[in-house]
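Student: what's the 3D shape of this:
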Amino acid sequence: MEEFFNELFDYNFFCNKQLIEAFAELEKVPEKSTKLFSHILNAHNIWNARIAGIPATLKVWQEHDVKSWEDIHYENQRTTFEIITGNDDYEERIDYENSEGRLFTNTKQDMLFHIINHSTHHRAQILADLREHGIEPISLDYVFYKR
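Tutor: Numbering: from 1, shown residues only. Okay, the predicted model is just below:
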């Protein structure tokens with residue numbers, strides 16, 4: 001399972017880095033894309049914190065300056081790899097409170113996979129937003145990452 005999650009998070013890292021680099025070349029990043037990419041980073045931070053049992057440092061819809069994205073992204077990734085490397089039970093159930101204060105329980109496996117799926121979902125929205133603004137989006141399909 002560790003190898004599987006390392007591969008998925010390498011792919012996630014690659015995709016986010018590609019977007020960060022593409023956004024750095026734009027004169028102005030569309031507002032919706034800024035909001036969504038900040039949300040991707042925030043959610044990753046929040047889920048890492050839930051798994052690690054520590055307070056999250058970011059809020060769900062907190063917006064960040066494009067210049068800070070790379071640092072947040074690297075910190076998220078570092079923390080996730082520490083979680084994966086130090087894990088011996090992906091079926092361990094973790095109790096947590098969502099952003100609305102409701103209590104839930106999920107396995108570490110569910111939570112880690114959710115980070116990936118959630119990020120992919122919002123990256124697709126970002127690519128559609130870029131296209132709507134006349135910006136040709138980069139391809140982030142998994143198969144292109146693997147080639």
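Student: count of residues packed around residue 139?
Tutor: Using other CB atoms under 10 Å, the number of residues around residue 139 comes to 10. All C-beta spots, glycine's among them, are computed from the backbone N, C-alpha and C.
Student: ok, longest helix in the chain?
Tutor: helix 108-132 (DSSP state H).
Student: which strands and helices sit next to it?
Tutor: On a contact count with 3 or more CB pairs under 8 Å, 6 or more residues apart in numbering; DSSP states H and E, helix 108-132 meets helix 2-24, helix 31-52, helix 66-85.
Student: Now the ones you listed in JSON lines, please, with extra columns for mean neighbour count.
Tutor: Converted to JSON lines, the helices and strands packed on helix 108-132 look like this (neighbours: other CB atoms under 10 Å):
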{"stretch": "helix 2-24", "mean neighbour count": "17"}
{"stretch": "helix 31-52", "mean neighbour count": "21"}
{"stretch": "helix 66-85", "mean neighbour count": "16"}
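Student: Those helices: which one's closest to residue 102?
Tutor: Each of the helices and strands packed on helix 108-132 was scored for nearness to residue 102 using CB to CB, and the closest is helix 31-52 (13.0 Å).
Student: Any chance you could list what contacts that closest one?
Tutor: Helix 31-52 has contacts (CB atoms under 8 Å, 6 or more residues apart in numbering) with 16, 19, 23, 55-64, 66, 69, 72-73, 75-76, 79-80, 83, 94, 96, 99, 108, 111-112, 114-115, 118-119, 122-123, 125-126, 129-130.
Student: what's the angle between it and helix 2-24?
Tutor: 150 degrees (axes from the mean of the first three to the mean of the last three CA atoms, to 10 degrees).
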